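Enquirer: predicted coordinates and the sequence they were generated for:
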Amino acid sequence: MSGHSKWSSIKHKKAAADSKRGKLFTKLIKEITVAARSGGGNLDANPRLRLAVTKGKEANMPRDNIEKAIKKGTGELPGVVYEEVTYEGYASAGVAILVDVLTDNKNRSAAEIRSIFTKRGGNMAGAGSVAWQFNKKGYLEVDKDSVPEDKLMHIVLENGAEDMTAGDQTYEITTDPRDFETVRQAVENSGIKPATAEITMIPDSTIKVMDKDAARQILNLIDTLEEHEDVQNVYSNFDIPDEVITEIGE
């Protein structure tokens, strides 16, 4: 996960600095709307909505935008009906990719996602050909400077985390999705602010990519997918060494 996590951190910083495009807000509004539609507008009773709203607040989304998105989801206001679709495919070096999409037109989205794969050296795959390699998990990343390892481990394991590992600069915590909120709250209630806190798809195993050209092609594919207005999340099983990630990121 280390290379992927480092790239995710670069992406998050890039997204925060480039919010003028408005794409981040658009994606968050879609997620809030769909979460409210599927589980209701009560944050206490709808963990998916609570997480989506938390991300909206962290992105400095105006409260009015959040409230309108929730009301569109619950039907109190008129709004577009989005469908949830997951596309599967492969990048260079046999790297597996999952693409979560929220769309009001599946045919259009499928054609555009397929085109991105083709133009960036990848290829789409049939349903189920990639998904089996991933597991849905809660995931938190905490900066090492913010808390001693033994203290954090005690907090997260006592509250239901499955595992905690130490990277070069961060601790990575995984949970069952049902325990994610409990673990996140325990961490934050201890005065620790996670650098990342999300429900994600974690691969069973990773593919190490040493070749810079292949690595660049993989990351360009992921970049382009993430830029698409219908794409909410992109998951992959690449493992690119930190030094290669840094060179490409620069």
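Expert: Arrived safely. Numbering: from 1, shown residues only.
Enquirer: from residue 98, how far off is residue 200?
Expert: 10 Å (Cβ to Cβ, to the nearest Å). To be clear about C-beta, it is placed using only N, CA and C from the backbone, and glycine gets the same treatment.
Enquirer: and if you look at residue 230?
Expert: 14 Å.
Enquirer: and for residue 128?
Expert: Distance from residue 128 to residue 98, by Cβ to Cβ: 11 Å.
Enquirer: looking at the chain, which helix or strand is least sure?
Expert: The weakest-scoring helix or strand in the chain, judged by mean pLDDT, DSSP states H and E, is helix 2-17 (a mean of 48).
Enquirer: could you pull out the helices for this protein?
Expert: Ranges of helices within the chain are 2-17, 23-39, 47-58, 63-74, 106-119, 149-158, 180-189, 212-227, 242-249, based on DSSP state H.
Enquirer: count the neighbours of the closest residue to residue 225 other than its chain neighbours for me.
Expert: Excluding the flanking residues, the one nearest residue 225 by Cβ to Cβ, 6 or more residues apart in numbering is residue 234, at 4.9 Å. Neighbours of residue 234 under the rule other Cβ atoms under 10 Å: 20.
Enquirer: so what's residue 234 bridging to?
Expert: residue 99 (DSSP bridges).
Enquirer: so it sits right up against residue 222, yeah?
Expert: Yes. Using Cβ atoms under 8 Å as the test, residue 234 is close enough to residue 222 to be in contact (5.3 Å).
Enquirer: overlap in contacts, those two.
Expert: Common neighbours of residue 234 and residue 222, counting by Cβ atoms under 8 Å, 6 or more residues apart in numbering, are residue 97.
Enquirer: roughly how far out does the longest strand that the chain contains sit from the chain middle?
Expert: Across the chain, the strand with the greatest residue count (assigned by DSSP state E) is strand 134-143. Its chain's C-alpha centre and that of strand 134-143 lie 9 Å apart, by Cα atoms, centre = their mean, to the nearest Å.
Enquirer: comparing residue 230 and residue 98, which residue is more hemmed in?
Expert: residue 230 (24 against 19).
Enquirer: tell me the domain ranges of the protein?
Expert: 2-74, 83-132+205-240, 133-203 (automatic domain parsing).
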